[in-house]
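>>> just the structure for this:
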Amino acid sequence: MKQYDHLFLDNTTQSLDYKSKGTGPLSRIPLRDRDSHAEKLLKQFEQIQHEDKQWRLANSTSSRHGMYLEFVSAQNYAITTKSLEAMKEGIRLLNVRESDGFTKALVYIPKGQENYFAKKLKDYQKEDTKGVKPKNQKLVASIEDVKFAMVEALWTYSKEKM
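This is a model prediction of the structure:
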């Protein structure tokens, strides 16, 4: 700026050491053995679908209109949450929580859509994308476990307030 050409500032900078305290977002995906990981999750889905109705009613938040599942990440990894919701099918991502380094996502699956995620798992296990990666890899590889959601999965406040 021409009006300040007459001002000279010398020795006005200072270098300081800086070390970030954070690790950044958890966006990486754990390395998985494709077949064994898909089999493990498929067995969990089969177990969920074959659980006794009385057990679900007594111990989970399942309803006659659908079921509530909790998807859990590997420790210190995140879940690809955007792929857990499918609005056209009525599948809703209800909440996402962090607990002891695990990401937990609560998903509502309406009656009739129980096989939606099982199909994604089978596609991951058997099919490749054009880029020669397993289909649905970002979603499936980010999931460590799937289980019926318990009441605490609906709770979004701290456990002390429970």
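>>> now do the spatially most central residue of the chain against Lys111, distance only.
The structure's the chain has its C-alpha centroid closest to Ile79; by Cα atoms, centre = their mean the separation is 2.5 Å. Taken as Cβ to Cβ, to the nearest Å, the spacing of Ile79 relative to Lys111 amounts to 24 Å. No exception for glycine: its C-beta is placed from N, CA and C like everyone else's.
>>> do the same with Asp145
The value you get for Asp145 to Lys111, if Cβ to Cβ is used, is 23 Å.
>>> what ranges do the helices span in this structure?
Listed in chain order, the helices of the chain (DSSP state H) span residues 34-50, 53-59, 116-126, 137-141, 151-154.
>>> most tightly packed of those?
helix 137-141 (a mean of 20; mean count of other Cβ atoms under 10 Å).
>>> picking that back up, the more surrounded of Asp145 and Lys111?
Per other Cβ atoms under 10 Å, whichever of Asp145 and Lys111 has more neighbours is Asp145, with 14 against 11.
>>> sorry, back to before: tabulate the helices of the chain (a markdown table), appending distance to Leu84 and mean pLDDT.
What follows is the helices of the chain, written out as a markdown table (distance: least, Cβ to Cβ, whole Å; pLDDT from 0 to 100):
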| stretch | distance to Leu84 | mean pLDDT |
| --- | --- | --- |
| helix 34-50 | 13 | 92 |
| helix 53-59 | 20 | 57 |
| helix 116-126 | 8 | 95 |
| helix 137-141 | 7 | 94 |
| helix 151-154 | 13 | 70 |
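>>> just put those in JSON lines and tack on distance to Ala86.
Formatted as JSON lines, the helices of the chain follow (distance: least, Cβ to Cβ, whole Å):
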{"stretch": "helix 34-50", "distance to Ala86": "15"}
{"stretch": "helix 53-59", "distance to Ala86": "22"}
{"stretch": "helix 116-126", "distance to Ala86": "6"}
{"stretch": "helix 137-141", "distance to Ala86": "11"}
{"stretch": "helix 151-154", "distance to Ala86": "19"}
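>>> touching, the residue nearest to the centre of the chain and Glu70? I think so.
No - with the criterion set as Cβ atoms under 8 Å, Ile79 and Glu70 do not qualify as a contacting pair; they are 10.5 Å apart.
>>> what do these two both touch?
By Cβ atoms under 8 Å, 6 or more residues apart in numbering, Ile79 and Glu70 have these common neighbours: Ala105.
>>> which parts of stretch 99-113 are buried?
Of the residues in stretch 99-113, those buried under the neighbour-count criterion (16 or more other Cβ atoms under 10 Å) are Phe102, Thr103, Lys104, Ala105, Leu106, Val107, Tyr108, Ile109.
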